[in-house]
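Engineer: sequence unknown, structure follows:
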């Protein structure tokens, strides 16, 4: 069985809405059908398993559905879908169990808050190729987070200018650098020119030191064949990672890429907010991320503590738990990528929120490249902050003997590290 949990909100009966979801999304429609036999329903019909009442709401999530009501009943409802009716295809799962529920009349709110899949899905999908162990092995990092940054400004830098910044970051000891998700292959900085400018610096540093900095190039494209040509260009040049805008390329694009990929796939979730920002509508991240992990992302961006965007800290904590909890086996866990307005100052709270784990990629944009001492000093400052956080030393205390961290605290302590 496939179990979906829906958070239903309605001015009417939750029980009736739950029954309608089970009927509409499996064997039923708005009128009785001659072929809808009891035998057929017993074999493939969805069934309401449990209804758990929640406190009512006084405002509707869909205002146009209120109908003058002032009280809106709420409950979490478990509905089971037979595997025979859906199969293991993720497009079918999205269509049958999720896609149609938002159009049901009478709902003033509907949100998918949980999904439990049977073991058959593990065998049907490739999952991560590199994941957590592969990311750490390729960067040579042990016993601390992978420290990363984003090339800023996000748009406008030409390949040689980007390469100059990359060189400074590499010399400072950064582990990971990525293209901003908005940078793919514009005329002023084509992917080919960018790879040609950046990879020699990375390979030269590896030759001299034995450490290969992981650079994630933006390869997303509407055309899967063109995206694979982008992938092949990076791989042939000695690269080992790619940024993939997963909402933009879709399930099919991701499946196509994963089957052929030799790169670590770094998932950027831009567009996810459309699906989740309203608390009474859309998806919980814990549901949505399962699709992409099954399809094969290795690293998953999930924001962080005190981000520059709308997401509260408790949502980040739930996202961290979601991507680090096995679906079926430890090998399907994705590396959590902590980002959005981060600098070293959030390190103590991050390690507390993640239960002491350092199995993560800590990604700072402005928090590194806008450091008063330059990007190189920014890398050092973030590393120093994590050294202090892991050792349980207050940052202000550690900063007394670490000038880069002291400068970082002075500039970013007001939270403006975007």
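Structural biologist: On my side now, so go ahead. These numbers come from a predicted model, not from an experiment. Residues are numbered from 1 along each chain as shown.
Engineer: Quickly list what the nearest residue in space to residue 132 that is not next to it in sequence is bridged to.
Structural biologist: In space, not counting the residues next to it along the chain, residue 132 is nearest to residue 335; the distance is 4.8 Å by Cβ to Cβ, 6 or more residues apart in numbering. Where C-beta positions appear, they are placed from N, C-alpha and C, glycine not excepted. When assigned by DSSP bridges, residue 335 has beta-bridge partners residue 299.
Engineer: what about residue 335, distance to residue 188?
Structural biologist: The span separating residue 335 from residue 188 equals 31 Å under the rule Cβ to Cβ, to the nearest Å.
Engineer: isn't residue 224 right up against residue 252?
Structural biologist: Yes: using Cβ atoms under 8 Å, residue 224 is in contact with residue 252, at 7.2 Å.
Engineer: more neighbours, the two?
Structural biologist: residue 224 (17 against 12; other Cβ atoms under 10 Å).
Engineer: Count the residues that sit near the nearest residue to residue 398 once chain neighbours are set aside.
Structural biologist: The spatially closest residue to residue 398, leaving aside those adjacent along the chain, is residue 388, at 3.7 Å (Cβ to Cβ, 6+ apart). Residue neighbour count, defined by other Cβ under 10 Å, stands at 21 for residue 388.
Engineer: all helices of the stretch 151-300 of the chain, in order?
Structural biologist: 159-171, 191-209, 224-236, 246-260, 272-276, 285-295 (DSSP state H, counting those that start in this stretch).
Engineer: Show me what the second one is in contact with.
Structural biologist: Just to be clear, that refers to helix 191-209. Residues from elsewhere that reach helix 191-209, judged by Cβ atoms under 8 Å, 6 or more residues apart in numbering: 159-160, 162-163, 166-167, 170-171, 179, 184-185, 211-213, 215, 217-219, 230, 233-234, 237-239.
Engineer: same question, the fourth one
Structural biologist: Contacts of helix 246-260 from elsewhere in the structure, counted by Cβ under 8 Å, 6+ apart, are 90-91, 94, 126, 129, 220-222, 224, 227-228, 231, 244, 265, 267-272, 291-292, 295-297.
Engineer: Specify the angle between it and helix 285-295 in degrees.
Structural biologist: Compare the direction of helix 246-260 with that of helix 285-295 by axes from the mean of the first three to the mean of the last three Cα atoms, to 10 degrees and you get 30 degrees.
Engineer: what is the mean pLDDT for helix 246-260?
Structural biologist: In this model, helix 246-260 has a mean pLDDT of 97.
Engineer: For it, what is the distance to the chain centroid?
Structural biologist: A distance of 14 Å separates the centroid of the chain from that of helix 246-260, by Cα atoms, centre = their mean, to the nearest Å.
Engineer: likewise the shortest one?
Structural biologist: Using Cα atoms, centre = their mean, the mean C-alpha position of helix 272-276 is found 11 Å from that of the whole chain.
Engineer: List the buried residues for it?
Structural biologist: For helix 272-276, a neighbour-count test (16 or more other Cβ atoms under 10 Å) marks 272, 275, 276 as buried.
Engineer: Worst mean pLDDT across the helices and strands of the protein, which element?
Structural biologist: Lowest on mean pLDDT, DSSP states H and E among the helices and strands of the chain sits helix 38-44, with a mean of 63.
Engineer: picking up where we left off before, could the helices of the stretch 151-300 of the chain be laid out in CSV, adding distance to residue 340?
Structural biologist: Shown next, in CSV, are these (distance: least, Cβ to Cβ, whole Å):
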stretch, distance to residue 340
helix 159-171, 19
helix 191-209, 24
helix 224-236, 25
helix 246-260, 17
helix 272-276, 11
helix 285-295, 14
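Engineer: Single out the most deeply packed of those helices.
Structural biologist: Mean neighbour count (mean count of other Cβ atoms under 10 Å) peaks for helix 285-295 among the helices of the stretch 151-300 of the chain, with a mean of 22.
Engineer: Cool, thanks, signing off.
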